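S.K.: Pasting a predicted model and its sequence here:
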Amino acid sequence: MVIFDIFDESLAQKVKPLFSKEVCFFMFQPRIISFFNQAGGVGKSTYTMNLGYHLTLQGCRVLLIDADPQASLTDFMGLDRWNLQASIYDAFDKIAFENTNFSSQNIPIVPTEFFNLDILPSCLHFANADLVLLEKKLEDDENDEESNFWKFTLQKMISFIIDQYDYIMIDCSPSLTLTNFTALVASTHVVIPVETQYKAYNNLGLVLEDINKVRKTKLNRNLKIAGILPTKYHKAHNVDRKVLEAIQDQFPHNIVLTPIPYATIIAESTQQNLPLHKYAPNHNIVKIFQEITEQIKHNSNSVS
């Protein structure tokens, strides 16, 4: 039963190509997964950190990219956003205007204390990245050049280091900025964290439309959704149950990931700069993170 019918039939047809229904496995290629939602406070940074860590437990090499000027992911990983020698902003600025001289040495990747887990940190200056991209676009327009280069900025950056990782996970900012657009262009897949509340659910259609816009530009026609992740779920609350049911009714069953319950211990672990698995290894949510990791791996390793 569809409880909140916000998706008309035309939209359902538009977003249908975003989901893989028939699965076949092939030689593994690095996966670039953006955690994207226009809304803030849904847990993008927290789940990027935890799911990235769980991938390393399975032997995967993982890079976390903090593409949010709020730099929450950077903070969660124990880095001081105010005292970074360099950040993603420095790499963004350089590749936009000095592409021919750019190399992997210009990407300030920081190894974390966790095996096989690195981070490309962010800082408040990354809020200016949209201005950098806009300036590059205007420069290309003035020179009558193909003005698509700015859209591939993050993709170009990742191309210098992609062979070093199995998964690259991008923590996007809570809006559709130009930098988020470049993240979607660079990604193979998207995970959409969505709080099990009316407002968050009603916003889901807009999120899907934004993802579909990237596909329609032909800049990334193969972009797929690896999962819709219900978060902060209160099983005892009627609203949460109805919203979860509505999400499960609207989307393929394999795309709706296991809901993450609301639990203060998740916030406590990030305050200690630790994935929950390290902070409270016996907590029941650790098993949920393990299950979600398997679901994302399965969905991102499939093709239609």
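M.R.: Looks like it arrived, so ask away. Numbers count the residues shown, from 1 in each chain.
S.K.: use CA for all of it now, contacts and neighbours both
M.R.: OK.
S.K.: Can you show me the helices along the stretch 201-304 of the chain?
M.R.: Secondary structure of the stretch 201-304 of the chain (DSSP state H, counting those that start in this stretch): helices located at 238-250, 264-271, 276-279, 284-300.
S.K.: For this structure, give me the ranges with low pLDDT.
M.R.: Scanning the chain for pLDDT under 70 picks out 1-28, 97-100, 137-149, 302-304.
S.K.: how does it look with 50?
M.R.: 1-12, 14, 20-27, 304 (pLDDT under 50).
S.K.: Which residue ranges of it form strands?
M.R.: Secondary structure of the chain (DSSP state E): strands at 31-35, 62-67, 110-111, 117-120, 167-172, 189-195, 224-231.
S.K.: can you redo those strands as a markdown table with distance to residue 84 and mean neighbour count?
M.R.: Output for these, formatted as a markdown table (distance: least, CA to CA, whole Å; neighbours: other CA atoms under 10 Å):
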| stretch | distance to residue 84 | mean neighbour count |
| --- | --- | --- |
| strand 31-35 | 23 | 25 |
| strand 62-67 | 13 | 27 |
| strand 110-111 | 10 | 14 |
| strand 117-120 | 11 | 23 |
| strand 167-172 | 18 | 26 |
| strand 189-195 | 28 | 26 |
| strand 224-231 | 31 | 26 |
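S.K.: Export those strands as JSON lines, with columns for distance to residue 201.
M.R.: Shown next, in JSON lines, are the strands of the chain (distance: least, CA to CA, whole Å):
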{"stretch": "strand 31-35", "distance to residue 201": "16"}
{"stretch": "strand 62-67", "distance to residue 201": "24"}
{"stretch": "strand 110-111", "distance to residue 201": "36"}
{"stretch": "strand 117-120", "distance to residue 201": "30"}
{"stretch": "strand 167-172", "distance to residue 201": "19"}
{"stretch": "strand 189-195", "distance to residue 201": "7"}
{"stretch": "strand 224-231", "distance to residue 201": "10"}
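S.K.: which stretch among these comes nearest residue 128?
M.R.: Closest to residue 128 of the strands of the chain, according to CA to CA: strand 62-67, at 11.8 Å.
S.K.: which other helices and strands contact that closest one?
M.R.: Applying 3 or more CA pairs under 8 Å, 6 or more residues apart in numbering; DSSP states H and E, we find strand 62-67 packed against helix 44-57, helix 72-76, strand 117-120, strand 167-172.
S.K.: want to try CSV for these, with distance to residue 88 as columns?
M.R.: Below are these laid out as CSV (distance: least, CA to CA, whole Å):
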stretch, distance to residue 88
helix 44-57, 16
helix 72-76, 11
strand 117-120, 6
strand 167-172, 12
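S.K.: Nearest to residue 266, out of these?
M.R.: Comparing the helices and strands packed on strand 62-67 by CA to CA, helix 44-57 comes nearest, at 7.9 Å.
S.K.: which residues touch that closest one?
M.R.: For helix 44-57, contacts defined as CA atoms under 8 Å, 6 or more residues apart in numbering pick out 35-37, 61-64, 72-73, 76-77, 114-117, 169-172, 193, 266, 270, 275-277, 289-290, 292-293.
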